[in-house]
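S.K.: The amino acid sequence is not available; the structure is as follows:
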């Protein structure tokens, strides 16, 4: 009886070993082989996911993009935002957008992007206000505009900023029939490329340029633990009454203005971004009684909004041609989530009109 039990036990152990379940019973080599295969597979997957051959981190978004695109200087295009000019064209391609008031509390935008060559229509394009080319310089961008206020003319002619404009290459622009001037001026990406080439500007970033903003590493997410809930962000601009709504599913803020979705008519897509930076500044009126003069040097307050939260920040800019730096309440430079960013310039007297809600 004992012999039969022993034989039965040996048989069971043999079956277990054949299945590779025990070490030290002649199955250890098979187990190691299986582990090696799994490790190799995992390593290949990791190498594939982490491999970015031919790519480089974008200065504009913090994301991996083709190396040629990452090294290319962006353009910063003045975009008309009066109701007669919407919907705009091509700006959903922009990685950075600045929005600030001009005369009569109307806002105008500056779209910054490096992937624009194939765009069939960009615009409508409007004239320069002095603070915009200074924003463009912070990104080492080529500034695109058509017309300018008299208060910006000296700066534009000083050589402090590279431009493609009505001042030096009017051939880059065209007017569309069916729309009323001055809201019918556009450019193609190819035409702007031609203008840049004609002006013999550098088409790659200056070697000394180290970027403007600090971004999270690709794949990482920045959350503002101590921030205020900001699922809806109202900017307080008086004419277009814009706001953003946060979608937790994709971590994006979707843009609305004039009571409806803010759409790019080239692809019928709603504009959205990963980050919103609100910068509150002092503003005065020039002697003409209507043109705004924004104080961009010195320091001030603002908000950083991302991933459903808003956090108070401060900003500082030491010189007219320097970069604006943004700091959290601990005095550390803010870190943006990868993706697009919308910079909103708000006059201090209207700062209380900025609202955050659930």
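M.R.: In hand now; what should we look at? No experiment lies behind these values; they were computed from the predicted model shown.
S.K.: Quick check: what element follows the worst-scoring helix or strand of the chain on mean pLDDT along the chain?
M.R.: Least confident helix or strand of the chain, by mean pLDDT, DSSP states H and E, is helix 28-50 with a mean of 34. Scanning forward in sequence from helix 28-50 by DSSP states H and E, the next helix or strand is strand 55-57.
S.K.: Can you name the next helix or strand after that next one?
M.R.: strand 64-66.
S.K.: Quick one: list the elements packing against the helix or strand following that following strand.
M.R.: Where DSSP H and E defines the elements, the next helix or strand beyond strand 64-66 is helix 67-71. If you count contacts as 3 or more CB pairs under 8 Å, 6 or more residues apart in numbering; DSSP states H and E, helix 67-71 packs onto strand 55-57. (C-beta placed from N, C-alpha, C; glycine too.)
S.K.: Run through who's touching the strand it packs on.
M.R.: If you take CB atoms under 8 Å, 6 or more residues apart in numbering as the criterion, strand 55-57 is touched by 63-67, 70-71, 215, 218.
S.K.: Residue ranges in the chain under the pLDDT threshold?
M.R.: 1-50 (pLDDT under 70).
S.K.: Quick one: the helices in it, in order.
M.R.: 2-18, 28-50, 67-71, 131-137, 153-157, 189-198 (DSSP state H).
S.K.: Show me what the fourth one packs onto, helices and strands only.
M.R.: Just to be clear, that refers to helix 131-137. strand 75-79, strand 96-101, strand 107-113, strand 142-145, helix 153-157.
S.K.: Next, the angle strand 107-113 makes with the first one.
M.R.: Put plainly, it is strand 75-79. Between strand 75-79 and strand 107-113, the angle comes out at 160 degrees (axes from the mean of the first three to the mean of the last three CA atoms, to 10 degrees).
S.K.: now the angle from strand 75-79 to strand 96-101?
M.R.: 30 degrees.
S.K.: what about strand 75-79, distance to the chain center?
M.R.: 14 Å (CA atoms, centre = their mean, to the nearest Å).
S.K.: How about residues contacting it?
M.R.: Residues contacting strand 75-79 (CB under 8 Å, 6+ apart): 88, 91, 94, 108-114, 116, 122-128, 132-133, 135-136, 139, 141-146, 164, 187, 192, 196.
S.K.: partner residues bridging the nearest residue to residue 91 once chain neighbours are set aside?
M.R.: Leaving aside its chain neighbours, residue 91 sits nearest to residue 111 (4.6 Å; criterion: CB to CB, 6 or more residues apart in numbering). Note on residue 111: beta-bridge partners by DSSP bridges are residue 77, residue 97.
S.K.: hang on, residue 111 packs against residue 89?
M.R.: No - look at residue 111 against residue 89 with CB atoms under 8 Å: they stay out of range, at 10.4 Å.
S.K.: circling back: let me know which of the helices and strands packed on helix 131-137 is tucked in deepest.
M.R.: strand 75-79 (a mean of 28; mean count of other CB atoms under 10 Å).
S.K.: Just the angle for that strand relative to helix 189-198, thanks.
M.R.: Going by the same axes, to 10 degrees, strand 75-79 makes 120 degrees with helix 189-198.
S.K.: hmm, back to that, which ones are touching the residue nearest to residue 91?
M.R.: 76-77, 79, 90-91, 94, 96-97, 122.
S.K.: Residue 353 now?
M.R.: Contacts of residue 353 by CB under 8 Å, 6+ apart are 234-236, 346.
S.K.: now, which of these sits nearest residue 209?
M.R.: residue 346 (27.7 Å; CB to CB).
S.K.: show me the contacts for that closest one.
M.R.: Counting by CB under 8 Å, 6+ apart, residue 346 has contacts 235-237, 278-281, 302, 353-354.
S.K.: who wins for neighbours among those?
M.R.: Using other CB atoms under 10 Å as the neighbour test, these are led by residue 302, with 25 neighbours.
S.K.: Dig out what that residue forms beta bridges with.
M.R.: Under the criterion used here (DSSP bridges), residue 302 is bridged to residue 279, residue 313.
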